[in-house]
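Student: here is a sequence with its predicted model. Questions after.
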Amino acid sequence: MSQTYKHFNITFPVPFVAHVEINRPEKLNAFFQEMWLEYAQVFNTLSHSLDVRCIILSGAGPTFTAGLDIRKASLNFSGSDGARKAWEIKRYMGEFQDCISASEKCEKPVICVLHGYSLGLAIDIACTADIRISSVDAKLAVKEVDIGLAADIGTLSRLPKIVGSLSWVKDVTLSARIFSAEEALRVGFVSTVESDKEAAVRKAVEMAGLIAAKSPVAVQGTKAIVNWSVDRTVADGLAYTQVWNAAALQTGDVREAVGATLEKRKPRFEKL
């Protein structure tokens, strides 16, 4: 892929793995509208790339992201009355939500590496990822109440479904306190904590390489079925899996995977 972006770096550390870096380190990788529009473009493009099977997301420099750049955020709305101003705010917020949701809707698994300051929007973004890992120095917080609003880009909807304790979710969202990587691991927000950013990125590359070596039909189908099943009953999930695999089981990847196992060789799967 030769496409370049203003606010994001994309590299390919191992076959079929894209590493996306938020690239505004001089401003602690804080987001403004141009960035979240580009964020959606990045993930929509990678989602459909035949050369990508797994994606890593991290920040350039020591900080993942300090969240929203409140100096550049456009919060002045021009509606002539309350109703018109409300519609304007709703459209603005909907666009922002849709852009950040691009990493959740991405067909490929996304591994988020949290490191350094990971505040506000950082948690919204991390919640959209399939797998979250952290460096031990990460300082995490749902900061929105500290700037006078309820988090509105996804944390309040996704975080209660990720971790097992609603009490803990309300603790961190109501207080805006900073919590550590170890605390995030304890409640299940991240799946592993590494010694520093470099080690966390290496772990992500290792994990992504393992995933990318699998059948893309199987991997992308797994992400789709799990995400669809989260908000539904077991019976609904089983029925959806039947329909999905009625098509997916016709792939040659099953024969290739089984054959490679029996012949003790690495499988080779066609691009998807």
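Tutor: Perfect, thanks for sending it. On a predicted model such as this, the values are computed, not experimentally measured, just so you know.
Student: can you confirm residue 241 is in a helix?
Tutor: Yes - the assignment for residue 241 is a helix, going by DSSP: H, G, I helix; E, B strand; the rest coil.
Student: mind listing what the nearest residue to it once chain neighbours are set aside touches?
Tutor: Nearest residue to residue 241 in three dimensions, chain neighbours excluded: residue 225, at 5.5 Å (Cβ to Cβ, 6 or more residues apart in numbering). All C-beta atoms are positioned from the backbone trio N, CA, C, and that covers glycine. For residue 225, the contacting residues are 237, 240, 241, 244, by Cβ atoms under 8 Å, 6 or more residues apart in numbering.
Student: tell me the spacing between the residue nearest to the second one when sequence neighbours are not counted and residue 117.
Tutor: Right, the one you point to is residue 240. In this structure, residue 240 finds its nearest non-sequential neighbour in residue 228, 5.6 Å apart by Cβ to Cβ, 6+ apart. From residue 228 over to residue 117 the distance is 33 Å, taken as Cβ to Cβ, to the nearest Å.
Student: those two: which is more packed in?
Tutor: Taking neighbours as other Cβ atoms under 10 Å, residue 228 and residue 117 compare with residue 117 leading, 24 against 14.
Student: element containing the closest residue to residue 229 other than its chain neighbours, please.
Tutor: In space, residue 229 comes closest to residue 237 once its chain neighbours are excluded; the distance is 3.5 Å by Cβ to Cβ, 6+ apart. Assigned by DSSP states H and E, residue 237 belongs to helix 234-248.
Student: can you give me the neighbour number for the residue nearest to residue 231 when sequence neighbours are not counted?
Tutor: Leaving aside its chain neighbours, residue 231 sits nearest to residue 161 (7.9 Å; criterion: Cβ to Cβ, 6+ apart). A count of neighbours around residue 161, defined by other Cβ under 10 Å, yields 11.
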